[in-house]
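J.: This is the structure alone, sequence omitted:
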């Protein structure tokens, strides 16, 4: 039962992250201007679009409201499943031996995610809070995968991995994680199309006018950040940094795959990482060239998570044989 719950939680976490991306990219983060309900109800009010609900300034947009509420329902279900996993771990109902530390941290993590979800609404989609919410979803899913892998039987074949290769794996994971954070910052500041549909150049130039100081602007709480407040040069700087980051990830990953190719017991992991990397770069280019189509943009988020999870699985096989 414990392992089945873990599998369910991983699938549910993937769904929650994808729904979160769909909600954010569909500009539905404020589809419900309150939390945890929607205009004071547990469901989206049954009223025509444009209706002003008493006590709320923002007119109702039912489609955006439902996007937000479905995401909340899924996230709440995930929180409940993680709580059950924690109690089963506490009572020693795990298939393989498992300390309470990781399930306990997951409970704290999902509580913090709930708080970030609330602040996303109350602080009017502040890019810093929304980015942390996105990263928190990635961390939660990664920890659930690690917990699931802990319950798997040890591999029959294992070959010792050299220390400097282990360090390289950690370095690659850090580089990938920073790029994911930068991708979140790009999305939450509405900078995905700051270069127009130009690739590999930007606005017809290789080095356009950019404001790197403005790109790191945190911004005060309490003002409306929907559709972004940064000027064009700052958004362009964010987009260019994301592209440079993607190039650094690409080089780092290629070097990692080349260095680890002699380890046959992790060949499936390396092939998976290589394929996901190719798909992710392709989706990133398509996002720009076709002006951020919803399906491609959501897939770009989903594959970023799968790429991170593939690195987590590689680390688990290497560090916890």
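T.: Everything's here; your move. The model shown is predicted, which means the values in this text are computed figures rather than measured ones.

J.: give me the element the closest residue to residue 276 other than its chain neighbours is part of.
T.: Excluding its sequence neighbours, the residue lying closest to residue 276 (Cβ to Cβ, 6 or more residues apart in numbering) is residue 307, at 4.5 Å. Just so you know, the C-beta spots here come from the backbone N, C-alpha and C atoms, and that holds for glycine as well. Using DSSP states H and E, residue 307 falls within helix 294-319.

J.: Do me a favour and average the pLDDT over that helix.
T.: For helix 294-319, mean pLDDT is 96.

J.: what's the answer for stretch 76-94, then?
T.: The model assigns stretch 76-94 a mean pLDDT of 90.

J.: about what we covered before: count of neighbours near the residue nearest to residue 276?
T.: With neighbours defined by other Cβ atoms under 10 Å, the count for residue 307 comes to 22.

J.: wait, isn't it in contact with residue 177?
T.: No: with contact defined as Cβ atoms under 8 Å, residue 307 does not reach residue 177; the gap is 10.6 Å.

J.: Spell out, range by range, the helices that occur in this protein.
T.: For the chain, helices defined by DSSP state H occupy the ranges 2-25, 62-90, 101-122, 127-150, 163-188, 212-215, 232-260, 267-289, 294-319.

J.: where in this structure is pLDDT low?
T.: 155-158, 321 (pLDDT under 70).

J.: what does the domain assignment say about it?
T.: 1-153, 159-321 (automatic domain parsing).

J.: for the residue nearest to residue 276, what are its contacts?
T.: Taking Cβ atoms under 8 Å, 6 or more residues apart in numbering, we find residue 307 in contact with 176, 273, 276-277, 280.

J.: Now residue 43. Its backbone dihedrals?
T.: Torsion angles at residue 43 (phi, psi; degrees, to the nearest 10) stand at phi -130, psi 170.

J.: I'd say it and residue 69 touch.
T.: Yes: assessed by Cβ under 8 Å, residue 43 is found in contact with residue 69 at 6.6 Å.

J.: With neighbour numbers in mind, choose between these two.
T.: residue 69 (21 against 13).

J.: gap between the more buried one and residue 38?
T.: 5 Å (Cβ to Cβ, to the nearest Å).

J.: intersection of neighbour lists for those two?
T.: Common neighbours of residue 69 and residue 38 (Cβ under 8 Å, 6+ apart) are 31-32, 44.

J.: neighbours around the spatially closest residue to residue 188 that is not a sequence neighbour, how many?
T.: Spatial nearest neighbour of residue 188, excluding adjacent residues (Cβ to Cβ, 6+ apart): residue 127 at 3.9 Å. Counted by other Cβ under 10 Å, the residues lying close to residue 127 total 24.

J.: From residue 89, how far out is the most far-flung residue of the chain relative to its centre?
T.: No residue in the chain has its C-alpha farther from the mean C-alpha position than residue 54, which lies at 34.9 Å (Cα atoms, centre = their mean). Going from residue 54 to residue 89 by Cβ to Cβ gives 46 Å.

J.: Who are the contact partners of residue 131?
T.: Residue 131 sits next to 181, 184-185, 188 when contact means Cβ under 8 Å, 6+ apart.

J.: go on, residue 17?
T.: With Cβ under 8 Å, 6+ apart, residue 17 has these contacts: 134, 137-138, 141, 301-302, 305.

J.: Identify, from those residues, the entry nearest to residue 164.
T.: Nearest to residue 164 among the contacts of residue 17, counting by Cβ to Cβ, is residue 138 at 27.1 Å.

J.: Contact partners for the closest one?
T.: Residue 138 touches 17, 180, 304-305, 308, counting by Cβ under 8 Å, 6+ apart.

J.: from those residues, which two are the most distant?
T.: 17 and 180 (11.2 Å).

J.: If we only consider the contacts of residue 131, which is nearest to residue 319?
T.: Nearest member of the contacts of residue 131 to residue 319, counting by Cβ to Cβ, is residue 181, at 22.8 Å.

J.: Residue 139 is in contact with that closest one, correct?
T.: No: between residue 181 and residue 139 there is no contact under Cβ under 8 Å: 10.8 Å.

J.: What about residue 153, how many residues nearby?
T.: Neighbourhood size, residue 153 [other Cβ under 10 Å]: 7.

J.: With residue 144 instead?
T.: Based on other Cβ under 10 Å, the number of other residues close to residue 144 is 30.

J.: Now do the contacts for it.
T.: 6, 9-10, 13, 82, 106.

J.: Tell me the one of these nearest residue 259?
T.: Among these, residue 10 lies closest to residue 259 (Cβ to Cβ), at 28.7 Å.

J.: Next, the contact list for the closest one, please.
T.: 141, 144-145, 148 are the contacts of residue 10 under Cβ under 8 Å, 6+ apart.
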